[in-house]
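Novice: show me how the following folds:
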Amino acid sequence: MPKSRQAVILIHGVGEQRPLDTLRKFVRNILGEKRDVRNKPDKMSTLFELRRLQLGSKGRCQPQTDFYEYYWAHHMRDTKVRMLISWIRTLMFRWPCEITKTLRPYYYLLWFCFVIIGWCLFIGYIKIGFGIVIGLAVGFFLDYNCLRIGYGVIDDAARYLNPTPDNVIQRNKIREEGIKLLDALHKSRKYNRIVIVGHSLGSVIAYDLIRLYWSFVVPTENFKTISTKFFDNWRSEAELIFERSSSNAERVEKFQQLQNKIWFTLRKAKYPWLIHDLITIGSPLAHAETLLAKTPDEFEEKKKDGEYPCAPPLPNQDWYYSKPVILPDGRRWNVQVPTHAVPFIAVRWTNIFFPHRKLILGDFIGGPLQPVFGWGIRDIKVDLINIFDKSLLSHTRYWKYAYNDKQNISKSNLNDRKDPTTEIRKYLRLDIERGKKLPPV
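Specialist: Predicted structure coming up:
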């Protein structure tokens, strides 16, 4: 039996990060500075700027873990002003009811600024001198604040989330290279399990890679066909979990245990799928109906069509279909394989976010995902004690520190608090394969 080994892929968010900066901070703060982490060549990525960080096995409890960074920021260069304006226009020219409640105050604020600037320009036509002063002030503000922030941060979201002809090539490159990385990890035959962690816009990319790569998976000749009864039984069990669970926490826990069983069953049947967990952190997918579609109705239609998979799959979606396979001896054999719409029958989804309140507190970008993508997602609200970190800056504080590691705070103050670093560490589940070793695909 080969040594148990797993891979964690971290996908960074918006901004102009250097390669590996995010990964180094993540590994250092999540694992602790005292852990033995080795810097090794990254032979899976097509970008030579990258390295992998390796955490050695910890006895029989934890397999060897390789941390990879999927770096995509270099694809979002040379953004033009019209690209940013195009995305903002698609968000502004909607009815307020089509904007999620968390984003609605910022929607009104954007319109307010737009009206003020328009009014100043109008005054400029009437009183040229006054207009020049106001114009210079507005121009200074836009140049050194709005546009600076826009080009450094917002432009990434504007281009990835807006599928106009200007952005399609960049979107495709990001997804293509991500798929290549997943494919290389699967085909290397080194790993027993893969975890994907996505922060901010990186969580949207992570979601896209899972739904796309799931549809690309083709059973190999070693695949042991799974009967229709297998899928029907799991589907019935998921429905019973929803109906009979006494609380949301119990429902999620039982469903994720079911996902774990399905993942192991598919692995034992030689189905070539290693992704076991998805962890989204401060994810804008909380606003998916605004960001991923023109209207909430269009978003719901895309979910029903399986374009945007849910956890669990929607009631009207098929879990499997019959696929003809040609065996090495030339015989034709029909096997039952999962449909393109159901990757989350086998991928557990954990979502970590700072709750947003009072306009300037918490993370307005992230939020709960259960209302958007299904009751099978484990939503975890986290908190910080430092009032400065509780501001809108909390979006960048998810693995800054853990209470018990970095702050001298008594346990009595932590009874009702969950710090993000500890929760991320917990749901990485790096010791998940204890006693359940499986060979690579």
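Novice: Y106 and F364 touch, don't they?
Specialist: Yes. If you go by Cβ atoms under 8 Å, Y106 and F364 touch, sitting 7.0 Å apart. To be clear about C-beta, it is placed using only N, CA and C from the backbone, and glycine gets the same treatment.
Novice: who has more neighbours, the two?
Specialist: F364 (23 against 13; other Cβ atoms under 10 Å).
Novice: would you map the strands across the stretch 251-400 of the chain?
Specialist: 275-281, 320-326, 332-338, 348-353, 378-381 (DSSP state E, counting those that start in this stretch).
Novice: okay, now the sheet partners of the last one, with direction.
Specialist: For strand 378-381, the paired strands and their directions (DSSP bridges) are strand 348-353 (parallel).
Novice: now the partner strand, how far from the chain's geometric center?
Specialist: The chain centroid and the centroid of strand 348-353 are separated by 9 Å under Cα atoms, centre = their mean, to the nearest Å.
Novice: low-confidence bits of the stretch 251-400 of the chain, can you list those?
Specialist: Residue ranges of the stretch 251-400 of the chain with pLDDT under 70: 327-328, 387.
Novice: roughly how far does the spatially most central residue of the chain sit from K302?
Specialist: Centroid-nearest residue in the chain, with Cα atoms, centre = their mean: S203, separated by 2.0 Å. Distance of S203 to K302, computed by Cβ to Cβ, to the nearest Å: 18 Å.
Novice: kindly report the same for T421.
Specialist: Using Cβ to Cβ, one gets 34 Å for the distance from T421 to K302.
Novice: those two: which has the busier surroundings?
Specialist: With neighbours defined as other Cβ under 10 Å, T421 and K302 compare such that T421 has more, 24 against 15.
Novice: quick one, the host helix or strand of the more buried one and strand 275-281 angle?
Specialist: Element membership for T421 (DSSP states H and E) is helix 420-428. Helix 420-428 runs at 170 degrees relative to strand 275-281, counting by axes from the mean of the first three to the mean of the last three Cα atoms, to 10 degrees.
Novice: who are the packing partners of helix 420-428?
Specialist: helix 21-31, strand 193-199, strand 275-281, strand 348-353, strand 378-381, helix 403-406 (3 or more Cβ pairs under 8 Å, 6 or more residues apart in numbering; DSSP states H and E).
Novice: next, the angle strand 193-199 makes with that helix.
Specialist: Interaxial angle of helix 420-428 relative to strand 193-199 (the same axes, to 10 degrees): 150 degrees.
Novice: helix 21-31 and helix 420-428, what's the angle between them?
Specialist: Helix 420-428 runs at 90 degrees relative to helix 21-31, counting by the same axes, to 10 degrees.
Novice: thought E49 was touching L20?
Specialist: Yes. The criterion here is Cβ under 8 Å, and E49 meets it with L20 at 7.4 Å.
Novice: give me the common contacts of those two.
Specialist: With contacts defined as Cβ atoms under 8 Å, 6 or more residues apart in numbering, the residues shared by E49 and L20 are Y71.
Novice: and the two? Which one has more around it.
Specialist: When E49 and L20 are compared on other Cβ under 10 Å, the one with more neighbours turns out to be L20, at 19 against 12.
Novice: give me every residue that touches that one.
Specialist: So L20 contacts E49, L50, R51, E69, Y71 (Cβ under 8 Å, 6+ apart).
Novice: and for L103?
Specialist: By Cβ under 8 Å, 6+ apart, the neighbours of L103 are H287, T290, F364.
Novice: what's across from the nearest residue to Y427 once chain neighbours are set aside in the sheet?
Specialist: Among residues not flanking Y427 along the chain, T350 sits closest, at 4.4 Å (Cβ to Cβ, 6 or more residues apart in numbering). For T350, the beta-bridge assignment (DSSP bridges) gives partners I279, R378.
Novice: wouldn't T350 be in contact with D277 here?
Specialist: Yes. Taking Cβ under 8 Å as the definition, T350 is a contact partner of D277 at 6.8 Å.
Novice: which neighbours do these two share?
Specialist: Listed as contacting both T350 and D277 by Cβ under 8 Å, 6+ apart are Y427.
Novice: tell me how far stretch 359-378 lies from the chain's centre.
Specialist: Counting by Cα atoms, centre = their mean, stretch 359-378 is centred 12 Å from the centre of its parent chain.
Novice: whoops, stretch 107-115 was the one
Specialist: In terms of Cα atoms, centre = their mean, the centre of stretch 107-115 is found 29 Å from the chain centre.
Novice: give the buried residues for that stretch.
Specialist: Within stretch 107-115, the residues scored as buried using 16 or more other Cβ atoms under 10 Å are Y107.
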